[in-house]
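Engineer: Provided below for reference: sequence and predicted model.
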Amino acid sequence: MKPARTLLFSILAATVVVASFTLAGAQGPGPIADPKSEKQAGFPADLYSWVIPPDNPQTPAKIALGKALFFDDRLSADGKISCDHCHAPAKGFTDQLPTSMGIRAQFGQRNAPTVLNALFNVTQFWDGRAPSLEAQVQGPVTNPVEMGMKSTDDAVAKVKAIPEYGKQFQDVFGHDVTFADIERAIAAYERTQLAFDSPFDKFIAGDPSAISDSAKRGWSIFNGKGRCMSCHAWNPTQPLFTDQKFHNIGVSAHNANFVPLARKALDTLSQSGGNAEEIDKLAIGTDMSGLGRFLVTKQPHDIGAFRTMSLRNLLVTQPYFHDGSQVTLWDTIDHYNKGGVQNPYLDGGIVPLGLSEAEEDDLVAFLASLTSPEYADAAKQEYDLQFKRSRTNRPQRDTAAANGDNGRGPGLAGPFGDIGPPQTDENPALLGGD
Amino acid sequence: MTRRSIALATAAGAAAILAVVMHAPRLRAQPAPPLPVHQVPVSKNGGTVVMLCDGKTSVEVKGLKPGESMPHAQAVEIARQLMAQWQREHPSEKWEMAQQEHQTDQSPQPVPAPSAASGAGTAAAKPTGAKLQSKGTQQGDTYASFTDRDYKVWKNETDNFVAQGNQLFHDGAAVGGTIGVSCDMCHPDGSNTHPETYPKYQVQLQRVALLRDMIDWCIENPLKGKALDPNDTRLRALEAYILAQRKGVALDYGKH
């Protein structure tokens, strides 16, 4: 594996020093966890300059402190869960589980999003309930099924009691440990995880041989028939393959009856005052998780809507969707191809796509070309596994629905499930009611 | 319309009325006829005749063999001679300068989000719960709410595209010119390209022209290149640059 290049030699040096006495593991996370160079094909310099907050500038000492905290089990109530428990660098800063396992082997309701390029997200978490990487830190630390600290004060007290951190906080921030500074340091480390330099980036930079013909056809389908670009937006200024917005693509509709669930959520939130910790608990620990963005905005159009995720390094961040419900990229594309799962809040852009299996193979080849060099080997292995599975096992493939052959034209096909009134061709305004 | 035609139309019903009262013929999908190509007179003594985009004004470059390009200074001088000749022949024509000052950015400003909480955390002590409000993100319907980030990205992409056009405007060879002449030599900063007056009837082409038709025309004469494909990124970037140079000028199609 190609060693990751460092931002500055001093960062690496400081990291090694800190890591040597704070890491529980003997080996440490290795070079794959090191800060990444900005010298990568496709690195968005303009965007980068916009997203580093002026009140939390990147410094080598702060990054080293943040890295030590990121890999420190002692940030959790039982001293066994660190950030990298669910955001492991070797697994693309995820845990490669459908939903994450936190303290005392409890499972949450959401798939761990990657830290790679997370600095470019307008909001954090699947429902955007945190506006920054700093604000994101508290959620897992105090969530009872994640790291399980009773409060941020408890977390501060615990870090304060660790002698080697005292001097570091003094050096970096000029005062004793505070939770805001823990947030700042961890966010600063996370902002070093730049993931570009993929074959696709080299293709865009002018090397026509950087990606395969199949990937080139996939890029064309991505922009055309597949309609992927509408939400997984890419441009040189913001080359992340996300519009940073929230869409209901019918994932929760597999197992959620949205309307009563939304009523229950509104009741719960109005009783408790609906503060951030409450929302965090509902999102991670209850069946209301499937309501997605609605828990944050309480707007009906956000029911079942989740943030559009970046498509980079997908072959090391499997499985897919907010609940990790899809195993392979083929399953994920099959889901879109059949027009998602119908529900009253389905995004208007989700329609049957009529993609053939060969076209889906091309799309996956394109997605595979979005792999950064440090994950090339792992991604190749995962691609082979998924490819093999996709030849025999396609649980989401519904060719009739994809082609609009379910008795309706494209755009209306698909089962309505157990949600809402049965779908008919009549004008919904004339269906009655009051 | 004649009384007879009205009587006929009434009898034939509403559909027929439409057919009769329609003035313009319905445009069907078909390729536009090829643009005329001006035959530049052959030099008497082995040089190259360079023609202005009006299809009339021309200057001969002595000793410039087919396939040869001029040094920059000579190309500038040839462009100057062409323009001087054109201005002598058209003393009353006003040469429209490119917009001197760019107008201030008029892109719509996003409505500020109601939450004032900053995620970066400016104070050590923060009220629990206040900070997990989302700022600057989707407040309304998905397709009708844009953040300040969105506007910044759009502006950056547009400005970069215009900057690429600016580069091509100053580099004849990059748009397929063969003799060293570039767009800026006759149109410094895009002056007198009047993009706001298109579509309009152009005598050289004997048809209604779009701005891109005239860009192609100038690439053929005097740059001595080949017309670009309508989907060629270079043509689109040149068009973007020329339009950007006239930001704020009112549209006035058909104007001469």
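Structural biologist: In hand now; what should we look at?

Engineer: Quick one: distance of the helix or strand where residue A:136 lies to the chain centre.
Structural biologist: Per DSSP states H and E: residue A:136 is located in helix A:133-142. Here helix A:133-142 shows a centroid-to-chain-centroid distance of 15 Å under the convention C-alpha atoms, centre = their mean, to the nearest Å.

Engineer: what element comes up after that helix heading to the C-terminus?
Structural biologist: Elements were assigned by DSSP H and E; along the chain past helix A:133-142, the next helix or strand is helix A:152-160.

Engineer: buried ones in that next one?
Structural biologist: Buried residues in helix A:152-160, counted by 16 or more other C-beta atoms under 10 Å in any protein chain shown: A:152, A:155, A:156, A:158, A:159. (C-beta placed from N, C-alpha, C; glycine too.)

Engineer: Stretch A:242-260 now?
Structural biologist: For stretch A:242-260, by 16+ other C-beta under 10 Å, it's A:242-253, A:256-258.

Engineer: if I pick the most centrally placed residue in chain A, what's in contact with it?
Structural biologist: Centroid-nearest residue in chain A: residue A:113, 2.9 Å away (criterion: C-alpha atoms, centre = their mean). By C-beta atoms under 8 Å, 6 or more residues apart in numbering or on different chains, the residues touching residue A:113 are A:94, A:124, A:125, A:126, A:309.

Engineer: Could you single out the nearest of the residues you listed to residue A:372?
Structural biologist: Distance to residue A:372 across those (C-beta to C-beta) is lowest for residue A:94, with 14.0 Å.

Engineer: mind checking how far residue A:277 is from chain B?
Structural biologist: Distance check for residue A:277 against chain B: by C-beta to the nearest C-beta, to the nearest Å, it reads 6 Å.

Engineer: how deep is that residue tucked in, by neighbour count?
Structural biologist: Residue A:277 is flanked by 16 other residues according to other C-beta atoms under 10 Å in any protein chain shown.

Engineer: Would you check that it makes contact with residue A:142?
Structural biologist: Yes - if you go by C-beta atoms under 8 Å, residue A:277 and residue A:142 touch, sitting 6.7 Å apart.

Engineer: re the thing from before, for residue A:281, state which of the buried residues of helix A:152-160 is nearest.
Structural biologist: Comparing the buried residues of helix A:152-160 against residue A:281 with C-beta to C-beta places residue A:152 closest, at 14.9 Å.

Engineer: Adding distance to residue A:168, secondary structure and neighbour count, write the contacts of residue A:113 out as JSON lines.
Structural biologist: Compiled in JSON lines, those are given as follows (distance: C-beta to C-beta, whole Å; DSSP: H, G, I helix; E, B strand; the rest coil; neighbours: other C-beta atoms under 10 Å in any protein chain shown):
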{"residue": "A:94", "distance to residue A:168": "28", "secondary structure": "strand", "neighbour count": "23"}
{"residue": "A:124", "distance to residue A:168": "25", "secondary structure": "strand", "neighbour count": "25"}
{"residue": "A:125", "distance to residue A:168": "28", "secondary structure": "coil", "neighbour count": "25"}
{"residue": "A:126", "distance to residue A:168": "32", "secondary structure": "coil", "neighbour count": "23"}
{"residue": "A:309", "distance to residue A:168": "33", "secondary structure": "coil", "neighbour count": "21"}
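
Engineer: Good, we can wrap up now.
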